[in-house]
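Enquirer: sequence and computational prediction follow.
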Amino acid sequence: PAEGRLRVPLAVGARIGARGGARRGIRFGALARLRRPLVTARARENEESEGDLQSPRVFDHALSLVRDAEPASGWPSPTAPSTLTPGPRVSGSACPASPPHRREASVLHDRLVAVRSLGLASFVAALAVVGCQSSGIAPAAAPPRLAEGDSPAALRLAERVAELLPGDAAGAAIAVVEDDRVSLAFGGRADFTPETLFELGSITKVVTANLVAQRVLAGALDLDTGLDRLPGGGDIGDGWSGVTLRHLLTHSSGLSGWPPNWGPVRIVFSGSLGDPFAGYDAVDLLAGMQETRAPEPGERWVYSNYAFAVLGRVLEQESGTPFETLARDGFIAPSGMETATLHDWSGPAVAPPRGRRGGAATSWSFSAFAPAGALRGSLRDAVALLRHAMAACERDDPVARATCLAREPAGFPMNADSEMGLGWVRTSRNDATVVWHNGGTGGYSTFLGFSPERRRGVVVLTNVGFLREIDALGIETVARDAGVRAP
């Protein structure tokens, strides 16, 4: 259905054509009817907020939470009732505290939300495995706590995020940067440290934007040149007329979130439902671009992961260097992100991914979509990125100059309160601006933002998917001392 909800009972009979994992038409008979209580897809909207490697609707949902989270007056008391709904908790278990028949549907619910966030047809969800998965007994949740520094704002933010966590396996890592002072705090899971690793999701997009801006400042690329006239443009077909790098960086290209050859049939029959981007490579991306017929660019704002996959291809074609190498040498290392990576992570330092209701989730891997969401790192890595971005316009090295360009207004409004930089989002109130981006994959939700005027910044990292309320809390924390009322 257009609104992305699964309706039960469900029978599907269709001939579906797809490229990639299923490159020829496949005839489906009627799928088995789905019975309650396996699916309750009409849950409350705030329980179905979705991650950020996402369809356009998901980022719109995040913006609506940011816009609507008005504090009553000043900074809320840590003991004040939250206007955001916390997930149910049960000590020592990944399962939500709900009746047994509801627990059975926990993981399927999280997968349904993931399916909605990816914009897939609802029949894919019928193939999900039902059961409340658990990775074992998690360490008991600890009270929110300051680990470094003395900022009351960091502890208060940890307390408020902890209220949203769905179980002892879930946790949050928080940083508040004020001038040169850094405070770190944690909520929920007791064993998280500043070195614990998270998927940062679409925060990757600010890295990709920086790499493009570096090449623009070096004169190798132009923001307003059509893609068909850039390196590799002769191969992409004739559906890209008038689409520029500026359009891609500001989500104003008119592209949908996904290429035409990325879809449910491919994901199901490639066995990658839990890791949806793993098998989509550069060959698939080029084929998708050749099938694309972009609408009139510059007419409307539509959040597009596809646009950033295309930007990664442009960078590779122009430089002759793989995107992962460009990101590592061109941004990750120079900005001081010592443990950040785009691929190949493992070990006890990795935060275990969880779904919105606490069920076990799966880490995602990326190929052609790496420029849209593959970045992984620790709280210290995210703080390094934040401090780099906050100080970028005061420095004169190529990486800093590129970030300074990217965080400035790019001339495309998103709504009455926010506008795009190049990759960054800018939300303004009165005489100050919060520059930010969020991130989310199947088992992680993240936020990074700052106020340039007041040199105050915030990082929120969680191992819970689809927890988009953290964006409003992050912006509220940044805005407090910036002389702006939280949006």
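Expert: Okay, I see it.

Enquirer: give the burial count for the residue nearest to G443 when sequence neighbours are not counted, as a bare number.
Expert: Closest residue to G443 apart from its sequence neighbours, by CB to CB, 6 or more residues apart in numbering: P353 at 2.2 Å. For glycine as for every other residue, the C-beta is placed from the backbone atoms N, C-alpha and C. Look at P353: counted by other CB atoms under 10 Å, it has 23 neighbours.

Enquirer: in contact with P353, which residues?
Expert: Neighbour list for P353: E199, A360, A361, T362, S363, T441, G442, G443, Y444, N463, G465 [criterion: CB atoms under 8 Å, 6 or more residues apart in numbering].

Enquirer: just give me the closest of those to G474.
Expert: Set against G474, the nearest of the contacts of P353 by CB to CB is Y444 (14.8 Å).

Enquirer: before we move on, back to that, mind listing which of the contacts of P353 are in strands?
Expert: Under the assignment DSSP state E, the contacts of P353 contribute E199, T441, Y444 to strands.

Enquirer: who's in contact with the nearest residue to the last one once chain neighbours are set aside?
Expert: Think Y444. Nearest residue to Y444, sequence neighbours excluded (CB to CB, 6+ apart): E199, at 4.2 Å. Applying CB under 8 Å, 6+ apart to E199 gives the contacts P353, S363, W364, G373, L375, R376, G439, T441, G443, Y444, T446.

Enquirer: quick check, the fifth one in contact with I203.
Expert: Yes: with contact taken as CB atoms under 8 Å, L375 and I203 are classed as touching, separated by 6.0 Å.

Enquirer: what comes up buried for stretch 173-185?
Expert: By neighbour count with 16 or more other CB atoms under 10 Å, stretch 173-185 contains the buried residues A173, I174, A175, V176, V177, E178, V182, S183, L184, A185.

Enquirer: mean confidence for it?
Expert: For stretch 173-185, mean pLDDT rounds to 96.

Enquirer: dump that stretch to CSV, restricted to CA.
Expert: In CSV, the C-alpha atoms belonging to stretch 173-185 read as follows (Å, rounded to 0.1, in the frame of the first residue of the first chain):
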residue,chain,number,x,y,z
ALA,A,173,26.5,7.3,24.4
ILE,A,174,26.3,11.1,24.7
ALA,A,175,28.8,14.0,24.2
VAL,A,176,28.3,17.7,24.8
VAL,A,177,31.1,20.0,23.5
GLU,A,178,31.2,23.6,24.8
ASP,A,179,34.1,25.6,23.3
ASP,A,180,37.1,23.3,24.1
ARG,A,181,35.4,21.4,26.9
VAL,A,182,34.1,17.9,26.2
SER,A,183,31.7,16.0,28.5
LEU,A,184,30.8,12.3,27.9
ALA,A,185,27.8,10.5,29.4
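
Enquirer: rewinding a little: find the residues that touch each one of L375 and I203.
Expert: Listed as contacting both L375 and I203 by CB under 8 Å, 6+ apart are G439.

Enquirer: in terms of neighbours, single out the busier of those two.
Expert: Neighbour totals were compared for L375 and I203, and L375 leads with 31 against 27 (other CB under 10 Å).

Enquirer: mind checking how far that one is from Y444?
Expert: For L375, the distance to Y444 (CB to CB, to the nearest Å) stands at 11 Å.

Enquirer: just the strands in the chain please.
Expert: Using DSSP E, the strands of the chain run over 15-16, 26-27, 141-148, 171-178, 181-189, 197-201, 375-378, 412-413, 418-420, 425-429, 432-441, 444-451, 456-462.

Enquirer: mind checking the ones you listed for the one nearest to L211?
Expert: Nearest to L211 among the strands of the chain is strand 375-378 (12.2 Å), distances taken as CB to CB.

Enquirer: apart from its chain neighbours, what residue comes closest to P276?
Expert: I267 (5.2 Å).

Enquirer: and that neighbour, what pLDDT?
Expert: Note on I267: pLDDT of 73.

Enquirer: verify the contact between it and F277 for me.
Expert: No: contact criterion CB under 8 Å: I267 and F277 do not qualify, at 9.2 Å.

Enquirer: list the contacts of the nearest residue in space to P295 that is not next to it in sequence.
Expert: Once flanking residues are discounted, P295 sits nearest to G254: 3.7 Å by CB to CB, 6+ apart. Applying CB under 8 Å, 6+ apart, we find G254 in contact with V243, H247, A294, P295, E296, P297, G298, E299, R300, V302.

Enquirer: hmm, the first one is touching S253, no?
Expert: Yes: assessed by CB under 8 Å, V243 is found in contact with S253 at 5.1 Å.

Enquirer: residues bridging contact with the two, i.e. touching both?
Expert: By CB under 8 Å, 6+ apart, V243 and S253 have these common neighbours: A294, P297.

Enquirer: separation between the nearest residue to T462 once chain neighbours are set aside and A294?
Expert: Take T462 and drop its neighbours on the chain: the residue closest to it by CB to CB, 6+ apart is A172, 4.6 Å away. A172 sits 39 Å away from A294, going by CB to CB.

Enquirer: distance of E324 from T208?
Expert: 12 Å.

Enquirer: who has more neighbours, those two?
Expert: T208 (32 against 19).

Enquirer: what is the neighbour count of the residue nearest to the more buried one when sequence neighbours are not counted?
Expert: When the adjacent residues along the chain are set aside, T208 lies closest to P371, with 4.3 Å between them (CB to CB, 6+ apart). As a burial measure, P371 scores 31 neighbours (other CB under 10 Å).

Enquirer: swap in the one 10 residues further on?
Expert: Burial measure for D381: 26 neighbouring residues, criterion other CB under 10 Å.

Enquirer: that one reaches W345, doesn't it?
Expert: No: the pair D381 / W345 is not scored as a contact, 11.7 Å apart, by CB under 8 Å.

Enquirer: flag the shaky bits of the stretch 151-300 of the chain, pLDDT-wise.
Expert: 265, 269-272 (pLDDT under 70).

Enquirer: quick one: the helices in it?
Expert: With DSSP state H, counting those that start in this stretch as the criterion, the stretch 151-300 of the chain has helices at 152-162, 204-217, 245-249, 264-269, 282-291.

Enquirer: re the thing from before, how close does the residue nearest to Y444 get to T462?
Expert: From E199 to T462 the distance is 10 Å (CB to CB).

Enquirer: what touches both of the two?
Expert: Common neighbours of E199 and T462 (CB under 8 Å, 6+ apart) are Y444, T446.

Enquirer: which neighbours do L375 and Y444 share?
Expert: The overlap between the contact sets of L375 and Y444 (CB under 8 Å, 6+ apart) consists of E199, L200, G201.

Enquirer: ok, the last one touching G439?
Expert: Yep, that's G201 we're talking about. Yes: here G201 lies in contact with G439, judged by CB under 8 Å, at a distance of 2.8 Å.

Enquirer: ok, back up a step: quick one: closest of the helices of the stretch 151-300 of the chain to I236.
Expert: Checking those against I236 by CB to CB gives helix 282-291 as the closest, at 4.5 Å.

Enquirer: looking at it, G226 is touching T244, isn't it?
Expert: Yes: applying CB under 8 Å, one finds G226 in contact with T244, separated by 5.9 Å.

Enquirer: more neighbours: which of these two?
Expert: Using other CB under 10 Å as the criterion, G226 and T244 rank with T244 on top: 21 against 16.

Enquirer: and for that one, nearest residue in space, chain neighbours not counted?
Expert: Counting by CB to CB, 6+ apart, D224 is the residue found nearest to T244 once chain neighbours are left out, at 5.1 Å.

Enquirer: next: A307.
Expert: For A307, ignoring the flanking residues on the chain, the nearest one in space by CB to CB, 6+ apart is L248 at 4.2 Å.
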